[in-house]
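Q: requesting a structural model of the entry that follows:
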Amino acid sequence: MAFLPIFRNFAVMKQLVFVAALFFSTLCHAQHQPPMRLWYDRPAHYFEESLPIGNGRLGALVYGGADSCLIYLNDITLWTGKPVDHNEGEGAAQWIPQIREALFNEQYARADHLQLQVEGHNSANFQPLGTLLITDLDKEKGKISKYKRVLSLDSAVVNDQYIRDGRTITREYFASAPDSLIAIRLTGKVNIRLSLTAQVPHKVKAKGNQLTQTGHVVGDPMESVHFCTILQANNKGGSIEANDSSLTIRDAEEVVVYIVNRTSYNGFDHHPVSEGAPYLEKALDDIWHTKNYSYQDFLQRHINDYRQYYDRLQLRLGTATQNDNALNIPTNLLLHRKQESSYLETLYFQYGRYLLISSSRTKGVPANLQGLWTPHLWSPWRGNYTMNINLEENYWPAFVANLAEMAEPLDGFIHSLAENGRYTAKNFYGVDKGWCASHNSDLWAMTNPVGEKRESPMWSCWNMGGAWLVETLWERYLFTQDENYLKNTAYPLMKGAADFCLRWLIDNPNHPGELITAPSTSPENVYVTDKGYRGVTCYGGTADLAIIRELLLSVVAAGVLCGDNVAAYKTALDKLHPYTIGKNGDLNEWYYDWEDPDPTHRHQSHLIGLYPGHHVTAPELQKACEQTLIQKGDETTGWSTGWRINLWARLHNAEKAYQIYGKLLTPVAPERGGAPNYSSGGGTYPNLMDAHPPFQIDGNFGGTAGVCEMLMQSTYDKGNATIELLPACPKQWSEGEVSGLCARGGCEVSFEWKGGSVRSATLKARKKCKVTLLYNNQSKTLKLKAGQTLPVKTW
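A: The predicted model follows:
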């Protein structure tokens with residue numbers, strides 16, 4: 001019977017083996033990149049201090065705390081609203097000729113007024129799922145000490161720990177994608193109360209070891225998305241008691257809490273009630289699934305799943321000594337201590353990748369303005385999809401930072417936009433071929449111009465959202481070289497957006513033979529005419545034409561690969577009104593060299609052709625873009641700061657790109673109730689979330705993309721890739737190494753540098769390709785076979 005003690009301790013041995021494996025994995029990880037963790041010596045009091053976890057659908061904001069621990073819960077499919085009405089806007093197109101007539105007669109005030117007639121409903125709202133409160137029933141038994149709260153980016157696990165009355169209490173939190181749940185483990189002598197509530201209409205029932213919360217978003221329950229949240233607590237030792245709407249657990253050695261949720265959302269074109277998903281049955285299936293594995297199994301499955309994406313790209317900036325020093329400083333203080341900035345800069349970069357993995361894994365439902373995290377019943381800007389920059393910026397790092405799968409939700413969303421956008425094109429704009437999308441969208445893939453016939457055309461009347469967004473599809477092809485994807489998914493959607501543009505463009509009556517858009521706006525900005533009128537509606541806006549030019553160039557290239565006739569797109573390209581340079585040397589934002597009443601305005605939409613586009617390559621135009629950025633200055637919102645990092649990097653201005661990255665990392669205090677303090681400017685909150693302010697996740701993603709753009713830039717044309725290493729690397733990053741960056745043309749790139757020069761590099765080809773590699777003021781032409789890994793001698 002000697003084998004019995006071994007058998008009895010098998011579970012303990014299994015756990016020790018797992019912990020050892022995790023330790024050595026982290027150790028190996030740290031040989032190239034230091035441990036990536038956000039940590040604090042106090043609980044969060046505000047949203048902007050909380051730590052986010054997510055599996056791409058379910059999310060949580062962990063506040064931590066000893067006496068009570070607050071956790072906000074989210075589901076990315078919990079929105080108000082229902083499928084769009086395809087008859088909306090019928091007859092609105094009749095106003096377009098009148099608006100054009102006013103514009104070409106220089107009646108800009110009349111054009112602004114008439115634009116109100118071409119507005120539709122505003123978007124739905126993203127709403128919070130619920131709130132879990134963990135109350136320590138021993139809170140009267142003495143003060144706490146040694147509190148610590150940590151988010152490990154290397155494992156996507158949050159921990160907090162404290163000592164009370166000589167006992168150490170630990171809690172561990174993660175959100176698992178493979179098992180569709182949130183898990184929490186509490187150890188120590190556990191005496192707690194678990195309670196669920198919500199800001200939306202809801203009911204809670206406690207029975208046995210479970211809490212079940214059902215409800216729906218704010219609105220008519222017969223027209224709303226419904227949900228079912230189930231919390232299950234498994235205690236080791238002690239007792240558990242179900243009360244009215246809470247569970248009380250006493251004297252337990254360990255408590256494991258599982259949280260699952262499902263909503264009735266069943267697709268953008270299905271009514272959430274009459275055609276809703278079987279959310280109750282799905283939630284029950286999810287909670288039943290927790291019987292199949294132990295907590296340790298769930299944890300390991302989560303980490304394995306997460307690391308298959310996260311570990312693809314590792315980055316080290318600066319020396320090991322610099323990074324070791326920074327590891328000992330709480331993250332909220334690290335934001336204020338620039339001498340340890342290289343670690344913080346790496347941490348912020350990888351945090352962006354962590355947020356994308358955690359918020360963008362639901363088919364057809366991409367990350368929104370909040371990613372998937374909000375504590376607010378009514379989120380800023382409805383928590384929607386803002387498509388005049390913000391949704392596009394969310395996915396700038398996806399391909400270059402080796403997270404192509406995280407952009408897949410955007411593919412499905414664009415397909416939904418195209419379905420609805422055909423009706424918007426016809427009803428609002430009189431275009432009977434192709435599709436378009438506008439400024440805002442939501443879970444239901446709305447495409448109409450917003451404003452409800454009362455809001456300013458400055459943001460409401462803009463129909464270039466689809467034309468800009470499809471560039472992400474083309475980018476996927478450029479990075480992956482997936483020809484089946486190009487032919488079957490990307491090109492049909494790109495062509496549909498281009499077909500709309502061909503019919504939206506008109507011949508300029510004041511300059512025959514020249515194609516322009518009319519009406520047009522430059523997103524959210526205002527002009528002053530030579531007669532002193534401050535307006536927003538114009539014709540031939542530079543941003544419109546930049547988006548169309550980039551799209552047509554991409555469609556021509558894609559069409560040739562797909563064997564399509566692209567003559568009409570080429571003809572339109574040749575006739576587009578060209579870029580012009582103003583009297584101050586800047587790139588004109590409007591058709592005329594009109595004054596900008598706010599030269600530092602956050603939007604720089606007329607620079608789209610420089611970045612994220614690729615067609616502004618002429619030296620004189622790049623110089624005009626540089627002058628525009630100089631006029632814009634350095635003080636702006638979070639997402640705009642992220643964009644400007646990339647713009648300066650594309651201009652190969654390393655020091656300016658680095659300076660703006662530093663601006664993005666400017667500490668911003670949490671919003672302490674009430675309206676956001678817009679005057680405080682953009683930057684970073686204590687939990688490293690982007691401060692617009694308030695929080696918008698796009699700035700985080702813009703920052704991550706910006707670091708990639710500083711370290712490597714690439715282009716691809718007709719089978720030839722050009723990859724440039726360290727195109728905008730500042731002197732502050734004089735040494736470092738990166739592995740796993742992705743380049744257009746299908747190569748994965750790793751390299752090390754010191755003294756500002758590349759010392760070694762390795763290219764791994766997805767498919768057969770020819771590469772021109774630029775580094776250290778040298779050029780080398782390489783030919784790689786599919787699957788080949790090629791070390792490159794650079795020193």
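
Q: hmm, Thr346 and Gln33 touching each other?
A: Yes - using CB atoms under 8 Å, Gln33 is in contact with Thr346, at 7.1 Å. Bear in mind the C-beta positions are built from the backbone N, C-alpha and C, glycine included.

Q: quick check: neighbours shared by these two?
A: Leu315, Arg316 (CB atoms under 8 Å, 6 or more residues apart in numbering).

Q: residue closest to the middle of this protein?
A: Asn394 (3.2 Å; CA atoms, centre = their mean).

Q: just checking, that one touches Leu355?
A: No - counting by CB under 8 Å, Leu355 is not a contact partner of Asn394; they are 9.5 Å apart.

Q: overlap in contacts of these two?
A: Ala367, Ile697, Phe701.

Q: what's the closest non-adjacent residue to Trp95?
A: Closest residue in space to Trp95, ignoring its immediate chain neighbours: Gln117 at 4.3 Å, by CB to CB, 6 or more residues apart in numbering.

Q: that neighbour should be in a strand, yeah?
A: No - counting by DSSP: H, G, I helix; E, B strand; the rest coil, Gln117 is not part of a strand but helix.

Q: residues in contact with it?
A: By CB under 8 Å, 6+ apart, the contact list for Gln117 reads Ala92, Trp95, Lys453.

Q: ok, so of the residues you listed, who is nearest Gly683?
A: The closest of the contacts of Gln117 to Gly683 turns out to be Lys453 (CB to CB; 36.4 Å).

Q: just checking, the closest one touches Glu119?
A: Yes - contact criterion CB under 8 Å: Lys453 and Glu119 qualify, at 4.9 Å.

Q: which one's more surrounded, the two?
A: Shown here are Lys453 and Glu119; by other CB atoms under 10 Å, Glu119 has more neighbours (23 against 13).

Q: surely the more buried one meets Ser456?
A: No - look at Glu119 against Ser456 with CB under 8 Å: they stay out of range, at 9.9 Å.

Q: overlap in contacts, these two.
A: Joint contacts of Glu119 and Ser456 (CB under 8 Å, 6+ apart) do not exist.

Q: residues near the nearest residue to Arg766 once chain neighbours are set aside, how many?
A: Sequence neighbours aside, Gly746 is the residue nearest to Arg766 in space, at 3.6 Å (criterion: CB to CB, 6+ apart). For Gly746, the number of neighbouring residues by other CB under 10 Å comes to 23.

Q: quick one, phi/psi of Gly746?
A: Dihedral angles of Gly746 (phi, psi; degrees, to the nearest 10) stand at phi 90, psi 20.

Q: and what of Glu709?
A: Taking degrees, to the nearest 10 as the convention, Glu709 sits at phi -70, psi -30.

Q: quick one: contacts for it?
A: Here Glu709 is in contact with Val400, Tyr611, Ile645, Asn646, Ala649, Arg650, Ala657, Pro727, Ala728 (CB under 8 Å, 6+ apart).

Q: in helices, which of these appear?
A: Judged by DSSP state H, helices contain the following of the contacts of Glu709: Val400, Ile645, Asn646, Ala649, Arg650, Ala657.

Q: those residues: which two are farthest apart?
A: The widest separation within the ones in helices among the contacts of Glu709 (CB to CB) is 15.1 Å, between Val400 and Ala657.

Q: thinking again about what came up before, quick one: the residue nearest to the centre of the chain from Tyr385, how far?
A: When CB to CB, to the nearest Å is the yardstick, Asn394 and Tyr385 sit 9 Å from each other.

Q: where do the contact lists of these two overlap?
A: With CB under 8 Å, 6+ apart, Asn394 and Tyr385 have common neighbours Pro366.

Q: quick one: low-confidence parts of this structure?
A: 1-31, 321-322, 338-340, 673-680, 795 (pLDDT under 70).

Q: what about 90?
A: 1-33, 139-143, 165-166, 244, 318-327, 337-341, 635, 671-682, 718, 793-795 (pLDDT under 90).

Q: wait, a strand at Leu377?
A: No - Leu377: not assigned to a strand; according to three-state DSSP it is coil.

Q: any idea how far Asn105 is from it?
A: Distance of Leu377 to Asn105, given as CB to CB: 47 Å.

Q: buried residues of stretch 530-542, list them for me.
A: Gly535, Val536, Thr537, Cys538, Tyr539, Gly540, Gly541, Thr542 (16 or more other CB atoms under 10 Å).

Q: wait, I meant stretch 573-591
A: Leu573, Leu576, His577, Tyr579, Ile581, Gly582, Asp586, Leu587, Asn588, Glu589, Trp590, Tyr591.

Q: give the helix, strand or coil label for the first one.
A: In other words, Leu573. What three-state DSSP gives for Leu573 is helix.

Q: now do the contacts for it.
A: By CB under 8 Å, 6+ apart, Leu573 lies in contact with Arg549, Leu552, Leu553, Val556.

Q: helices - which of those land there?
A: Using DSSP H, these in helices are Arg549, Leu552, Leu553, Val556.

Q: residue contacts, the first one?
A: Put plainly, it is Arg549. Counting by CB under 8 Å, 6+ apart, Arg549 has contacts Leu573, Leu576, Gly609, Gly613, His615.

Q: what are the ranges of the strands in the stretch 451-600 of the chain?
A: 506-507, 515-516, 527-528, 534-535 (DSSP state E, counting those that start in this stretch).

Q: point out the most buried one among these.
A: strand 515-516 (a mean of 22; mean count of other CB atoms under 10 Å).

Q: so what sits opposite the residue lying closest to Glu595 once chain neighbours are set aside in the bridge?
A: Among residues not flanking Glu595 along the chain, Val528 sits closest, at 4.3 Å (CB to CB, 6+ apart). Counting by DSSP bridges, Val528 is bridged to Arg534, Glu595.
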